[in-house]
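Undergrad: sequence first, then the predicted structure:
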Amino acid sequence: MCTRIFNSHNQAFPVTARNMDWFSDLSSYLYTFTAGESKTGLSKASCALNNISPEHCLNWTSNYASISTMMGDNTLGYGTVDGMNSQGLTVNSLFDSYATYNGYQSDNAAPVLSALRWPQFVLDSFDCVAQAVNYFESHELQLITEKVPDGSELDCLLHLTLSDTSGDSAIIEVVVGKCHIYHDKNYTIATNQPSYTEQLNMTQYWQYQWGLTEPKNNHPVYTAPGGSSSTQRFERASFYLAFSQEAETAAAALSQTRSLVSLCLAPPKFNPQHSARASSTIWCNLSEHSQLRYYYLNTLTMTTPWLSLAEDIHICQRVAMVSVSKDETINHVYSGDLNSQLSSCADPFKA
């Protein structure tokens, strides 16, 4: 039950925030990736498992350095969840149970790209939302799912949200194996479901109720749903963003956006239906586009660690934020600049 908010009220200080909601603990790392690295759309092990020739996979060389939140481990594999590159382009991947991936088709010449590597491909390859949108509108890919690297055996069904320093925004859904793109600077809120078409329909309804449309509602209401469903979180985030005034400084924009996304947080152990897979917010990411600073806020540690893309990234490094084993979960406690905590590592997506 994730929520993404792009706060571009002050175009000098745009900030993107997302809550990562999940039903279990996830091993997670912050990675720094360099420019100039060759990468591939599927691991050799996954190629063998899915009977896919490695030559059929998408291959690319990273144009930009990036900082990414990665989930998984050496046993289960890795996937990029969120990140920001050195141009200030931010990508957030949200689970989308309505997505329809076609799977691998051997007679299709389009290159194969795993959903788990899709966000990193965008971060590596494009400097802004418009450039990424143009690519996905003009290139065919075989986007395929893999299992979420958490041991749950769930297929990783994703859609992406993109935002950049100019205030541009896009949402990319997968519909019958094709990229369905919504591209507009006003598309600032996104949740897991329903489809973005339906989310826009909800926006139109609530904008009228709040007196923000023409013709105006002469008796506007200033309320928003308070529940935890995707639709209610979408409506609530839209309400508070719509009536938030422009922050005057970078620090104010950051704190404003953090407060906005907190209104959509599901607290730890929140489980109204006593479900075996009740989701709660396990971390929040914030991207300061103009400051090139990227935050990872663990719900259980109450600290504010960050990394900066303003510094030169010349090797692949990482720092563990949450370590999950069958015996325990360790929430590593960090605060402030994490650069001194980084250790060199192999690029898990390297060709």
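TA: Alright, I've got the coordinates.
Undergrad: show me where the chain dips below the pLDDT cut-off.
TA: The chain contains residues with pLDDT under 70 at 351.
Undergrad: for the residue most central in space within it, helix, strand, or coil?
TA: Taking Cα atoms, centre = their mean, the centroid of the chain lies closest to Asn92, which sits 1.6 Å from it. Following DSSP: H, G, I helix; E, B strand; the rest coil, Asn92 is assigned to strand.
Undergrad: now swap in Tyr187 and tell me
TA: Classified using three-state DSSP, Tyr187 is coil.
Undergrad: quick one: residues contacting the residue nearest to the centre of the chain.
TA: Neighbouring residues of Asn92 by Cβ atoms under 8 Å, 6 or more residues apart in numbering: Cys2, Arg4, Thr16, Arg18, Val81, Asp82, Pro119, Leu160, Thr161, Asn285. For the C-beta atoms, the positions are set from N, CA and C on the backbone; glycine is no exception.
Undergrad: just Arg236 next, same as before
TA: Ala224, Pro225, Gly226, Leu263, Cys264.
Undergrad: can I assume the fourth one is in contact with Phe234?
TA: No: using Cβ atoms under 8 Å, Leu263 is not in contact with Phe234, being 11.8 Å away.
Undergrad: neighbour count winner among these two?
TA: Phe234 (27 against 17; other Cβ atoms under 10 Å).
Undergrad: the more buried one belongs to a helix?
TA: Yes: per three-state DSSP, Phe234 lies within a helix segment.
Undergrad: leaving aside the residues next to it on the chain, what's closest to it?
TA: Thr191 (4.5 Å; Cβ to Cβ, 6 or more residues apart in numbering).
Undergrad: count of residues packed around that neighbour?
TA: Residues near Thr191, counting by other Cβ under 10 Å: 27.
Undergrad: sorry, back to before: now intersect the contacts of Asn92 with the strands, please.
TA: Under the assignment DSSP state E, the contacts of Asn92 contribute Arg4, Thr16, Arg18, Val81, Asp82, Leu160, Thr161, Asn285 to strands.
Undergrad: give me the distance between the residue of the chain positioned farthest from its centre and Thr203.
TA: Distance from the C-alpha centroid of the chain peaks at Asn218, with 38.0 Å (Cα atoms, centre = their mean). In this view, Asn218 and Thr203 are 20 Å apart by Cβ to Cβ, to the nearest Å.
Undergrad: over to Phe234?
TA: In terms of Cβ to Cβ, Phe234 sits 8 Å off from Thr203.
Undergrad: what touches both of the two?
TA: Common contacts of Phe234 and Thr203, defined by Cβ under 8 Å, 6+ apart, comprise Ile189.
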